[in-house]
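**Q** Give me the fold of what follows.
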Amino acid sequence: MATLKISLSDLPPDAVDVTDLSALPKAELMARLQDLYAFLGPDAEIAVDEGTVSITLPDPSGYQRAAAERAFQSAMKAGERGDNARAIRLLEQVLVTLPAHTSARRNLAMAHLESGDPETAKRLVIETLRLDPKDAWAHLLLGNIYAKHEEDLDRAEACYKRAAELSPRDAFILTNYGALMTERGRTEEADDLFLRAIHEDPTYPNAYYALALHAYNTGDPARATATLENMFEIVKAPTPRTEALFTESRSLYLHACVDLARQRHDELMALVEQRRQELESAGDYPIRLEEDASLQVPATSQMAWKHARDHHNDPLCGPRPEHHAPSSDARTRTHRDGASRPRRGQEPLLRDDCRQPRSRGAVDCRPHRPAEAAGHL
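**A** Okay, here's the model as predicted:
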């Protein structure tokens with residue numbers, strides 16, 4: 001016989017009735033517990049002793065347990081493929097044999113949620129927490145339901161907070177918690193949670209994307225680009241599951257680069273002007289900077305003697321509808337020393353690409369499904 005022991009004080013409150021169970025008379029408490037654990041079936045034996053709930057279940061045969069475990073593994077593979085209908089059928093079979101299998105019940109909740117049935121998912125995840133109030137991923141999943149499907153951010157925050165308390169080094173949980181803090185406008189807390197997630201798992205791309213998006217939306221494109229560059233360097237290649245995230249990350253990177261150039265426009269143009277004056281003083285011809293909105297690729301300097309002019313001409317990307325991005329910057333100095341002299345040749349100027357980035361759509365920084373825990377009854 002398998003026995004679960006659960007502290008009465010740890011039991012999650014009912015979604016509607018928030019009565020303190022410990023304050024109920026013994027007979028009423030037992031009736032209430034029988035109702036709360038009815039999903040375990042009529043063979044479950046429930047007892048309470050000094051604030052601890054004991055639930056005893058009959059043991060299945062070795063053959064039945066092995067078959068249930070095989071069904072569970074098949075369900076996990078079906079879920080990974082996105083075949084939620086098959087995953088649901090298999091997980092329901094598992095729970096017939098092993099009704100206290102918390103991983104199966106939680107993943108059944110996830111499958112229903114991904115199939116568009118948040119009500120069933122919520123019922124199942126609350127049942128999971130009644131079996132194991134310290135299941136961090138169940139708290140996280142319940143928080144996602146409150147946040148995304150019921151717009152109850154207060155309850156969602158309580159769930160995320162509890163999940164982070166139970167599993168403080170889980171990058172998956174920390175990133176979700178940070179995303180909620182961003183949504184609630186608590187930027188410093190969000191920043192701290194994303195950084196903690198990256199520290200705990202430097203190979204987890206969602207945390208980098210979340211931090212970069214957070215930096216971009218709070219007006220810090222320099223930090224956004226630096227964060228994404230770290231992600232591209234450390235997380236070498238996307239998996240099929242993270243490919244969409246990498247696509248969004250590349251789009252965000254382009255947007256951040258454009259905004260960064262916009263912020264640094266005056267500084268960059270001052271450097272260009274300083275270098276223009278230096279080269280002009282060292283040569284025989286004046287140098288003019290000419291804006292050209294049609295430029296889409298790096299341009300070369302137009303030398304005076306080649307174009308029969310009394311000055312050199314440096315084309316710059318001209319103003320665009322959304323921004324003005326200077327394409328000649330401080331890096332010019334490494335390409336143009338003495339280029340005003342015919343004998344030194346006509347060296348090309350290094351130009352930044354001034355193409356407009358694609359529009360960036362919203363993306364959920366949360367992953368599809370956490371890796372499965374091994375422990376269960």
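**Q** how about Leu90, what does it touch?
**A** 71-72, 74-75, 78 (C-beta atoms under 8 Å, 6 or more residues apart in numbering). Quick note: C-beta positions are derived from backbone N, CA and C, even for glycine.
**Q** go with 7 Å
**A** Leu90 makes contact with 71, 74-75, 78, according to C-beta atoms under 7 Å, 6 or more residues apart in numbering.
**Q** and if you look at Lys5?
**A** Contact analysis of Lys5 by C-beta under 7 Å, 6+ apart lists 52, 54.
**Q** same question, the one 5 residues further on
**A** Each residue near Asp10 by C-beta under 7 Å, 6+ apart is listed here: Pro133.
**Q** Need phi/psi at Thr3.
**A** Main-chain torsions, Thr3, degrees, to the nearest 10: phi -120, psi 130.
**Q** Closest to Arg196 out of the contacts of Leu90?
**A** Ala75 (31.8 Å; C-beta to C-beta).
**Q** Wait, a strand at that closest one?
**A** No: going by DSSP: H, G, I helix; E, B strand; the rest coil, the assignment for Ala75 is helix, not a strand.
**Q** excluding its backbone neighbours, what's nearest it?
**A** Of all residues beyond its chain neighbours, the one nearest Ala75 is Leu90 (3.7 Å), with distances taken as C-beta to C-beta, 6 or more residues apart in numbering.
**Q** for Ile198, same thing?
**A** Nearest residue to Ile198, sequence neighbours excluded (C-beta to C-beta, 6+ apart): Ala207, at 4.8 Å.
**Q** Kindly report the same for Leu57.
**A** Among residues not flanking Leu57 along the chain, Ala2 sits closest, at 5.1 Å (C-beta to C-beta, 6+ apart).
**Q** what's the neighbour count on that neighbour?
**A** 12 (other C-beta atoms under 10 Å).
**Q** That one and Pro133, how far apart?
**A** From Ala2 across to Pro133, the span is 18 Å (C-beta to C-beta, to the nearest Å).
**Q** Please apply the same query to Thr97.
**A** Counting by C-beta to C-beta, the separation of Thr97 from Pro133 is 23 Å.
**Q** Next: Gln263.
**A** 49 Å.
**Q** What segments of the stretch 201-350 of the chain are helices?
**A** For the stretch 201-350 of the chain, the helices defined by DSSP state H, counting those that start in this stretch cover 205-217, 221-234, 243-263, 265-282.
**Q** Give me the residues contacting the shortest one.
**A** Put plainly, it is helix 205-217. 171, 175, 178-179, 182, 190-191, 194-195, 197-198, 223-224, 227-228, 230-231, 235, 242, 245, 248-249, 252, 255-256, 365-367.
**Q** Extract the C-alpha set from that helix and format it as CSV.
**A** The C-alpha trace of helix 205-217 is given here as CSV (Å, rounded to 0.1, in the frame of the first residue of the first chain):
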residue,chain,number,x,y,z
PRO,A,205,18.0,31.1,-24.5
ASN,A,206,14.6,32.2,-23.3
ALA,A,207,16.2,34.1,-20.4
TYR,A,208,18.6,36.0,-22.7
TYR,A,209,15.7,36.9,-25.0
ALA,A,210,13.5,38.0,-22.1
LEU,A,211,16.3,40.2,-20.7
ALA,A,212,17.0,41.7,-24.1
LEU,A,213,13.4,42.5,-24.8
HIS,A,214,13.1,44.0,-21.3
ALA,A,215,16.1,46.2,-22.0
TYR,A,216,14.8,47.2,-25.4
ASN,A,217,11.4,48.1,-24.0
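**Q** now it and helix 243-263, what's the angle there?
**A** If you take axes from the mean of the first three to the mean of the last three C-alpha atoms, to 10 degrees, helix 205-217 sits at 30 degrees to helix 243-263.
**Q** Quickly note the distance from the residue nearest to Ile198 to Pro240.
**A** Taken as C-beta to C-beta, the span from Ala207 to Pro240 is 19 Å.
**Q** repeat for Lys134
**A** 32 Å.
**Q** same deal with Thr182?
**A** Taking C-beta to C-beta, one finds Thr182 at 27 Å from Pro240.
**Q** These two - which one has more neighbours?
**A** Neighbour count, other C-beta under 10 Å: between Thr182 and Pro240, Thr182 has more, with 22 against 7.
**Q** Identify the residues contacting the strand or helix carrying that one?
**A** Using DSSP states H and E, Thr182 maps to helix 171-183. In this structure, residues lying in contact with helix 171-183 by C-beta under 7 Å, 6+ apart are 136, 140, 147, 153, 156-157, 160, 163-164, 167, 189-190, 193-194, 196-197, 200-201, 204, 206-207, 210, 214, 365-367, 370.
**Q** Narrow these to just the buried residues.
**A** When these are checked for burial by 16 or more other C-beta atoms under 10 Å, the buried set is 136, 140, 147, 156-157, 160, 163-164, 167, 190, 193-194, 196-197, 200-201, 204, 206-207, 210, 214, 365-367, 370.
**Q** so of the residues you listed, which ones are in helices?
**A** Members of these lying in helices (criterion: DSSP state H): 136, 140, 147, 156-157, 160, 163-164, 190, 193-194, 196-197, 200, 206-207, 210, 214.
**Q** Can you give me the pLDDT of Thr332?
**A** pLDDT recorded at Thr332 is 28.
**Q** and if you look at Ser74?
**A** On the pLDDT scale, Ser74 gets 97.
**Q** Skip the chain neighbours and tell me the closest residue to it.
**A** Closest residue to Ser74 apart from its sequence neighbours, by C-beta to C-beta, 6+ apart: Leu90 at 5.4 Å.
**Q** Could you say which helix or strand holds that neighbour?
**A** Element membership for Leu90, per DSSP H and E: helix 84-97.
**Q** Fine by me, we can end here.
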